[in-house]
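A.B. asks: coords please:
(2 chains)
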Amino acid sequence: MARSPPSFTNLILRRPTPRTLQNPNSQIRNIGASNDGTEFNQQNQDPINSNRYDNQNFIEIAREVSKIIRTRPRWEQTILSDFPTINFGDPHFFREVLMHQKNVFLSLRFFNWVSSQNGVLPDSLLCNEIFTGLVEAKAANAARNFLDSTKFGPEPACLEAYIQCLCGNGLIEEANDVFDQLKRMGKWPSLVTWNSALLGAIRARRTDLVWKLYVDMIECGVIVDVDTIGYLIQAFCIEEKFIKGHELLRQVLEDGHVPSKVSFNRLMSGFCKDRCYNKVSILLHTMIAKNHAPDIYTYQEIIHGLCKRKMRHEGFRIFNDLKDRGYVPDRVMYTTMINGLCKMKWLGDARKLWFEMIQKGIIPSEYTYNALIYGFCKTGQFNEVRKLYKEMCDRGYSKTTVSYNTMISGLCLHGRVEEAHALFKQMDENGITRDSITYNSLVQGFCKEGKIVEGTKYLYELLEQGLQPTTSSCTVLIEKLCQLGHMDEAKTLWKDMQDRGVKPVACNNDSILIGLSEQGYVAEGIEWLATMLKSRLKPQKETFERLVQVLSQGDKLDDALLVLGYMFKIGYALSECVCHSLVNRLCKDNSHHVETCIGDILQNG
DNA sequence: GTAGGGTTAG
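C.D. replies: Below is the predicted model:
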């Protein structure tokens, strides 16, 4: 767009008429209608006053306006009456104000105000200036909104900076769109921009985007650097392909490049989780050899990896070792260790670390509170939970799904499902989102206490919310339904679960099998057993025994013997007490093949 | 100019 020559005549030059005084917006209604402004407000132009303001005045007024914007919080309410003759929407005046207005957010506010007055069509140079300012201020959302509302096309160089800004603020999808936009313009971003996009994708854990970007880079013939490779290693780590990540690391090392510590740390954390401790040790040595001193992050990843792999003793040993060697753990390190100790129910040690941390002046974070609250929940110390939870809220950490979930599952674990239920209801009142953990914990809590009506209710509510039930929730509910003889419901749930892609567990079949036999549906039970065996699902030994007992007590000796045959075929032996009761039962019977049967039983039992 | 880490079920 051609830049219009400075023209001050369309700016002010107008004695306020009664109409414009009544409606200040009419002053700037037509601004932007033409490039050079010659047609502006022609009917109101006052040729006598046209030259009253010279260049000097113009600059002074702009300076004054910019000062007012800077210093008066609600300048929008007064500015029109302060400057009744000023044409605020003139791009040149606007630019002049901007020149004195260093704060881009205030400029944006001024811009929005002028636009809201009459729908100004701003020129692209001005837009570019504001947009660049927002991008430099890393205000990604403001920049995006600005772009959306003005629909102007920034320069390619500016778009590159914008990509980096978006990535730095986690707006990965948006950055990806801008990449495509650049591509359409036939421009290719620099390596720095590619790398910032890769980093953004890593932070968002979007490895799909990492690979897409990488393919694009290669296709464009970009020469990648060691940072790029570092991000690829991290992407492998996110996908838990630690071996591949390690392989890539070895390659760059051979080429004489050393990626950042982050790549090493991630790999070590992964190998801890995979129990490949020799690889951890190799990496630690490589790191040191390459002049990357292991830092607090390195050890935190290792300790966290060990805790995740239930090697918490080992983690605690390293933690104490580090302290002895002069490392000063930070808040995250303390949180990680307190969490590990709580998982082991070592509440004494956890509490000791908690106080040690506070004594060193480190304030527990929301994570730290949740970790210790979890520990007290696990060990059933609900008085401590209450105290700590109150302290956490007093500190200004808001109530969250995680903290509620921790307490709900803790209460359920200790059979206090009614209290858990109260918290569950409280979540709604406090506007806290319930997730699948919330529901699944509560369903299991109710089922464990035999309250299947409530358990079923919340399982269905979970489904209504579009959440995924877990195998264990379904399992415990099926088991209870079977025990209480609600066989139709149990079978429906079992089928429903498979339709929804919940991984069924073999023991569901066992529950149904026993339930059917106990309820007297012998034929269906036997059929169910046959289907199981056909699909190579192996019922538990206890299931067979229970089945044999139910059948023999119900005078279904032939069926009992049939089941017994299956049982022996699988290779289970009969335990002594079941054997006794069965033999007793058979001896009362005068069946002709009793002897053969007893022979069989004794042989296999 | 200095990345990267930590919390809840089963």
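
A.B. asks: what's the residue of the stretch 51-200 of chain A found nearest DNA strand B in contact with, if anything?
C.D. replies: Residue nearest to DNA strand B within the stretch 51-200 of chain A: A:Leu199 (6.2 Å; C-beta to the nearest atom of the strand). For the C-beta atoms, the positions are set from N, CA and C on the backbone; glycine is no exception. Going by C-beta atoms under 8 Å, 6 or more residues apart in numbering, A:Leu199 touches A:Cys167, A:Tyr231.

A.B. asks: now the helices: where do they sit in the stretch 351-500 of chain A?
C.D. replies: A:366-378, A:382-394, A:401-413, A:417-429, A:436-448, A:452-464, A:471-483, A:487-499 (DSSP state H, counting those that start in this stretch).

A.B. asks: now those in TSV, with mean neighbour count, distance to DNA strand B and mean pLDDT?
C.D. replies: What follows is these, written out as TSV (neighbours: other C-beta atoms under 10 Å; distance: least, C-beta to the nearest atom of the strand, whole Å; pLDDT from 0 to 100):
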stretch	mean neighbour count	distance to DNA strand B	mean pLDDT
helix A:366-378	22	3	97
helix A:382-394	15	10	96
helix A:401-413	22	3	97
helix A:417-429	16	11	96
helix A:436-448	24	4	96
helix A:452-464	17	10	94
helix A:471-483	21	4	90
helix A:487-499	16	13	87
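
A.B. asks: Any idea which of those helices gets closest to A:Pro539?
C.D. replies: Closest to A:Pro539 of the helices of the stretch 351-500 of chain A, according to C-beta to C-beta: helix A:471-483, at 13.6 Å.

A.B. asks: what packs against that closest one?
C.D. replies: Counting contacts by 3 or more C-beta pairs under 8 Å, 6 or more residues apart in numbering; DSSP states H and E, helix A:471-483 packs against helix A:436-448, helix A:452-464, helix A:487-499, helix A:506-518.

A.B. asks: What parts of the stretch 451-600 of chain A come near DNA strand B?
C.D. replies: A:Thr470, A:Thr471, A:Ser472 (C-beta under 7 Å from any atom of the strand).

A.B. asks: Hmm, the first one is touching A:Val502, no?
C.D. replies: By that I understand A:Thr470. Yes - between A:Thr470 and A:Val502 there is a contact at 7.2 Å, judged by C-beta atoms under 8 Å.

A.B. asks: Can you find the helix or strand in chain A with the smallest mean pLDDT?
C.D. replies: Ranking every helix and strand in chain A by mean pLDDT, DSSP states H and E puts helix A:18-22 at the bottom, with a mean of 31.

A.B. asks: which residues make contact with the very next helix or strand once past it from outside it?
C.D. replies: Remark: after helix A:18-22, the chain's next helix or strand is helix A:55-71, criterion DSSP states H and E. Residues from elsewhere that reach helix A:55-71, judged by C-beta under 8 Å, 6+ apart: A:8, A:11-12, A:53, A:75, A:79, A:82-83, A:86, A:88, A:93, A:96-101, A:103, A:106, A:109-110.

A.B. asks: give me that answer again for 7 Å
C.D. replies: The contact list for helix A:55-71, computed with C-beta atoms under 7 Å, 6 or more residues apart in numbering, reads A:8, A:11, A:75, A:79, A:83, A:86, A:93, A:96-97, A:100-101, A:106, A:110.

A.B. asks: ditto for stretch A:313-331
C.D. replies: Counting by C-beta under 7 Å, 6+ apart, A:Ile296, A:Tyr299, A:Ile302, A:Ile303, A:Leu306, A:Cys307, A:Met337, A:Gly340, A:Leu341, A:Ile362, A:Ser365, A:Thr368 sit against stretch A:313-331.

A.B. asks: Could you tell me the single residue of the stretch 201-350 of chain A that sits nearest to DNA strand B?
C.D. replies: A:Ser260 (2.7 Å).

A.B. asks: So, low pLDDT: which residues of chain A?
C.D. replies: A:1-55, A:119-122, A:589-598, A:600-605 (pLDDT under 70).

A.B. asks: Tell me which stretches of it form strands.
C.D. replies: Counting by DSSP state E, chain A has no strands at all.

A.B. asks: Quick one: residues contacting the spatially most central residue of it.
C.D. replies: Centroid check for chain A by C-alpha atoms, centre = their mean gives A:Ala204 as the closest residue, at 8.8 Å. Contacts for A:Ala204 (C-beta under 7 Å, 6+ apart) come out as A:Gly170, A:Ile172.

A.B. asks: Would you mind listing what in the stretch 251-400 of chain A touches DNA strand B?
C.D. replies: Listed as neighbours of DNA strand B in the stretch 251-400 of chain A under the rule C-beta under 7 Å from any atom of the strand: A:260-262, A:265, A:295-298, A:300-301, A:304, A:330-333, A:335-336, A:339, A:343, A:365-368, A:370-371, A:374, A:400.

A.B. asks: Now which of those residues would you call buried?
C.D. replies: Among these, the ones that count as buried by 16 or more other C-beta atoms under 10 Å are A:261-262, A:265, A:297-298, A:300-301, A:304, A:332-333, A:335-336, A:339, A:343, A:365-368, A:370-371, A:374, A:400.

A.B. asks: contacting residues for A:Asn265?
C.D. replies: A:Asn265 touches A:Tyr297, A:Thr298, A:Glu301, counting by C-beta under 7 Å, 6+ apart.

A.B. asks: wait, isn't the last one in contact with A:Met268?
C.D. replies: Yes - shown here, A:Glu301 and A:Met268 form a contact pair, counting by C-beta atoms under 7 Å, at 5.8 Å.

A.B. asks: Apart from its neighbours in sequence, what residue is nearest A:Leu484?
C.D. replies: Closest residue to A:Leu484 apart from its sequence neighbours, by C-beta to C-beta, 6 or more residues apart in numbering: A:Ile452 at 6.6 Å.

A.B. asks: Can you tell me, leaving aside adjacent residues, what's nearest to A:Gly485?
C.D. replies: A:Gln519 is the one closest to A:Gly485 (C-beta to C-beta, 6+ apart), at 5.1 Å.

A.B. asks: wait, the one you found sits on A:Asp488?
C.D. replies: No - counting by C-beta under 7 Å, A:Gln519 stays clear of A:Asp488, with 10.3 Å between them.

A.B. asks: Tell me if I'm right that A:Glu489 and A:Leu481 touch.
C.D. replies: Yes - applying C-beta under 7 Å, one finds A:Glu489 in contact with A:Leu481, separated by 5.1 Å.

A.B. asks: give the contact list for the residue nearest to A:Asp295 when sequence neighbours are not counted.
C.D. replies: Closest residue to A:Asp295 apart from its sequence neighbours, by C-beta to C-beta, 6+ apart: A:Lys261 at 6.8 Å. When contacts are counted by C-beta under 7 Å, 6+ apart, A:Lys261 is found next to A:His292, A:Asp295, A:Tyr297, A:Thr298.
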